[in-house]
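> Fold the following for me, if possible:
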Amino acid sequence: MSGTLWRNTLFCDPFYSFLSIRDDHQPWLWRIGEDSKSMGKRIAGFFRSDLGVLVLIAAACMLLHIATNGQYGFHRDELQTLDDARHLDWGFVAYPPITPLIGHVELILFGTSLTGFRVFSAFAVSMIMVLTGLIAKELGGNRHVIVLAAVAAGIAPVSLAQGAVFQYVSLDYLWGVAVTYLLVRLLKSEDPRLWVPIGATLGLGMETRYTMGFLTLGIIGAVLITSARRFLRSGWLWLGVGTSILVFLPNLIWQMEHHFISLEFLSYLHARDLRQGRYGGFFPEQLLTCVNFVTAPLSLLGLWFYFVQQHDRRYRFLGWMFVVSFTLFALAGSRSYYTAPLYPMLLAAGSVLLGNWLAALRTMWSRVVYGVQWTAVLIGGVTFALLVMPVAPIGSKIWRVTAKLHDQFREEIGWPDLAHAVAGVYGSLSPEERERTGILVGNYGEAGSLNLYGQALGLPHAMSLTNSFWYRGYDPRLPQTVILAGFDLDQGRKLFGSCVVAAKNSNPFGVENEESRDHPDILLCRNLRMPWPVYWEHFRRFG
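Here you go, the predicted structure:
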């Protein structure tokens, strides 16, 4: 064999065999190519399915939130949660442990990034769209109906707003809709084993926000009122009850150990909100918070679907669940958005009923109605997005409108400025006095902001008597020189031997919010009139 032929045989033939498309030369590479093509077809097939379309719509919604969520700053509620996320426990004064736990995960993944801290809220409202669409599918809706239901849930003002801030509301919203979806599956399949994941989800809801108890009572009422009483004979229902209690048990034990402090907190909030008239808009605000003026008719059609349209009465259970839960919220005195988890099942059923009616029309008229519907949805979605999502530049015309409608964005302004103002007072002291100087603030937003931004400015840990900050205690140095924020001068002089206004709390945009309006003074005070343990024991706050 010549040298050339030997080289071709040794090197070229094996390489040719490796790349050849003949089955007897390269079976493993060929299988990889075929598997890749098969995987690509499966992925493409998924995104052409109903679920795939819902996932794409939800992903677009989530990306929109992520793209806009860094516009202003942390909300005062987020600052409390962020600080609680650094002190994990089985309970907190203001809420159960799930929200701070997820906040802790976000801190691990994204640090103190504003956009990162809101990722799970954006994910939660996006998943609500998927679940609403799946409810519509289970109720018999076609592709058009499924998409309409999902988008209707996604453009509800509460969805748009809660995707833009990390609060327990978005997580409570998600658990409530997830329970509804599982109940629809239960009623359709008659599979009693679904009571176990229903119970687990209710338990997670109770570990997130105690208002899940109203939905639980609504389910109990619906079971007793409707033919679903048959499930009372099933061991799976009682296993679901046990699962729910087991999931909620850690927080229940924490409450027992802390003398049910959250009940005292909730009693305080209820009295405050009643005094401030925050419950007065419960009924009219349903149509401007949980749904909007475009999708409100779908929710009414949903009630019609559950109570009138269904001849086999299989889903009447859901109608009674809504009525019982809603009534309990109304009687207890609630903010309008508390009922948000109840509405996606109405939007889904209403979309199905609309689709059934349009199917009976001529094709031309059906297209006209769908066209009008989607035009209205688009207009309503854009309008409410501008009003409740953080998209408007500060001081713009749209900003001024949103500032009159709600305080969500105004309470996201000025927190770094507060930290710098306090740092200016702290830095004006002599090194010797700084060693024995502490910081005391009046509310959880101030405490959270100073603990977030203050470390980089060299500030000591801020003390607060509000909510779970109280459990973290006072400065062990027992400072006699104290910088106060969130107190007025009269309050400061009652607590300390001497007190002066040392700086002003403001923001460069001139935005009026609780801090700039109600707590403009930063005080420098000396000589607390009582021992710190006595002060801490008698001046606890809720907020």
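
> Count the neighbours of the nearest residue to Thr68 once chain neighbours are set aside for me.
Computed as Cβ to Cβ, 6 or more residues apart in numbering, the closest residue to Thr68 that is not its neighbour in sequence is Val391, at 5.3 Å. All C-beta atoms are positioned from the backbone trio N, CA, C, and that covers glycine. Around Val391 there are 19 other residues, counting by other Cβ atoms under 10 Å.

> Settle this for me: Val391 is touching Val382, isn't it.
No - if you go by Cβ atoms under 8 Å, Val391 and Val382 don't touch, sitting 10.3 Å apart.

> Now do the shared contacts for these two.
Common contacts of Val391 and Val382 (Cβ atoms under 8 Å, 6 or more residues apart in numbering): none found.

> quick one on the thing from earlier: next, the contact list for the residue nearest to Thr68, please.
Thr68, Gln71, Ala385, Ile398.

> 10 Å - rerun?
Going by Cβ atoms under 10 Å, 6 or more residues apart in numbering, Val391 touches Leu64, Ala67, Thr68, Asn69, Gln71, Ala164, Ala385, Ile398, Trp399, Thr402, Phe409.

> Let's see if you can find the most crowded of the residues you listed.
Ala164 (27 neighbours).

> Can you tell me the SS state at that residue?
At Ala164 the chain is in coil, as set by DSSP: H, G, I helix; E, B strand; the rest coil.

> Can you tell me which of the contacts of Val391 is nearest Phe92?
Ala164 (22.7 Å; Cβ to Cβ).

> Next, the contact list for the closest one, please.
Residues in contact with Ala164 (Cβ under 10 Å, 6+ apart) are 64-65, 68-69, 71-72, 75, 118, 121-122, 125, 170, 385, 388-391, 408-409, 412.

> And it, how far from Leu88?
Using Cβ to Cβ, to the nearest Å, Ala164 is found at 25 Å from Leu88.

> Then Ile439 would be within a strand, right?
Yes - assessed with three-state DSSP, Ile439 lies in a strand.

> neighbours around it, how many?
Here the number of neighbours of Ile439 (other Cβ under 10 Å) works out to 26.

> Phi, psi for the closest residue to it other than its chain neighbours please.
Distances taken as Cβ to Cβ, 6+ apart place Ala462 nearest to Ile439, at 4.5 Å, with adjacent residues excluded. Main-chain dihedrals, Ala462, degrees, to the nearest 10: phi -80, psi 140.

> so what's Ala462 scoring on pLDDT?
Note on Ala462: pLDDT of 97.

> Please apply the same query to the one 5 residues further on.
Looking at Asn467, its pLDDT is 97.

> got a pLDDT number for the closest residue to Thr226 other than its chain neighbours?
Take Thr226 and drop its neighbours on the chain: the residue closest to it by Cβ to Cβ, 6+ apart is Phe317, 4.8 Å away. In this model, Phe317 is scored at 96, pLDDT.

> got it, and the one 4 residues further on?
Turning to Met321, the model gives it a pLDDT of 98.

> Can you list the buried residues in the host helix or strand of it?
Under the criterion of DSSP states H and E, Met321 resides in helix 316-332. By 16 or more other Cβ atoms under 10 Å, the buried positions in helix 316-332 come out as 316-326, 328-329.

> export that helix as PDB, just CAs?
Taking C-alpha atoms only, helix 316-332 is exported to PDB below (Å, rounded to 0.1, in the frame of the first residue of the first chain):
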ATOM      1  CA  ARG A 316     -72.500  25.600  40.500                       C
ATOM      2  CA  PHE A 317     -70.100  24.800  43.400                       C
ATOM      3  CA  LEU A 318     -67.800  27.500  42.100                       C
ATOM      4  CA  GLY A 319     -70.600  30.100  42.000                       C
ATOM      5  CA  TRP A 320     -71.500  29.400  45.600                       C
ATOM      6  CA  MET A 321     -67.800  29.500  46.600                       C
ATOM      7  CA  PHE A 322     -67.600  33.000  45.100                       C
ATOM      8  CA  VAL A 323     -70.800  34.100  46.800                       C
ATOM      9  CA  VAL A 324     -69.900  32.800  50.200                       C
ATOM     10  CA  SER A 325     -66.300  34.100  50.200                       C
ATOM     11  CA  PHE A 326     -67.300  37.500  48.800                       C
ATOM     12  CA  THR A 327     -70.000  37.900  51.400                       C
ATOM     13  CA  LEU A 328     -67.600  37.000  54.200                       C
ATOM     14  CA  PHE A 329     -65.100  39.600  52.900                       C
ATOM     15  CA  ALA A 330     -67.900  42.200  52.700                       C
ATOM     16  CA  LEU A 331     -69.200  41.500  56.200                       C
ATOM     17  CA  ALA A 332     -65.700  41.400  57.800                       C
END
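
> Tell me how far that helix lies from the chain's centre.
22 Å (Cα atoms, centre = their mean, to the nearest Å).

> For that helix, name the packing helices and strands.
The contact analysis (3 or more Cβ pairs under 10 Å, 6 or more residues apart in numbering; DSSP states H and E) places helix 316-332 against helix 168-189, helix 212-225, helix 296-304, helix 343-359.

> will you turn the ones you listed into a markdown table that also has mean pLDDT?
Output for these, formatted as a markdown table (pLDDT from 0 to 100):
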| stretch | mean pLDDT |
| --- | --- |
| helix 168-189 | 97 |
| helix 212-225 | 97 |
| helix 296-304 | 95 |
| helix 343-359 | 94 |
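
> Of these, which is nearest Thr289?
Of the helices and strands packed on helix 316-332, the one closest to Thr289 (Cβ to Cβ) turns out to be helix 343-359, at 9.5 Å.

> Kindly provide the distance from Ser464 to Tyr471.
Where Tyr471 is concerned, Ser464 sits at a distance of 11 Å (Cβ to Cβ).

> So for the two, which residue has more residues nearby?
Ser464 (28 against 13).

> Next, give phi and psi for the more buried one.
According to degrees, to the nearest 10, Ser464 has phi -150, psi 140.

> Name the nearest residue to it, sequence neighbours excluded.
Ala447 (3.7 Å).

> State the helix or strand in which the one you found lies.
helix 444-453.

> Now find how far off-centre that helix is within its chain.
Distance, stretch centre to chain centre, for helix 444-453: 21 Å (Cα atoms, centre = their mean).

> For it, enumerate the helices and strands it packs against.
Using 3+ Cβ pairs under 10 Å, 6+ apart, helix 444-453 is in contact with helix 76-84, helix 415-427, strand 437-441, strand 462-464, strand 481-485, helix 514-518.

> I'd like to know which of those has the weakest mean confidence.
Comparing mean pLDDT across these, the weakest is helix 514-518, with a mean of 93.

> in it, what's buried?
For helix 514-518, a neighbour-count test (16+ other Cβ under 10 Å) marks Glu514, Glu515, Ser516 as buried.
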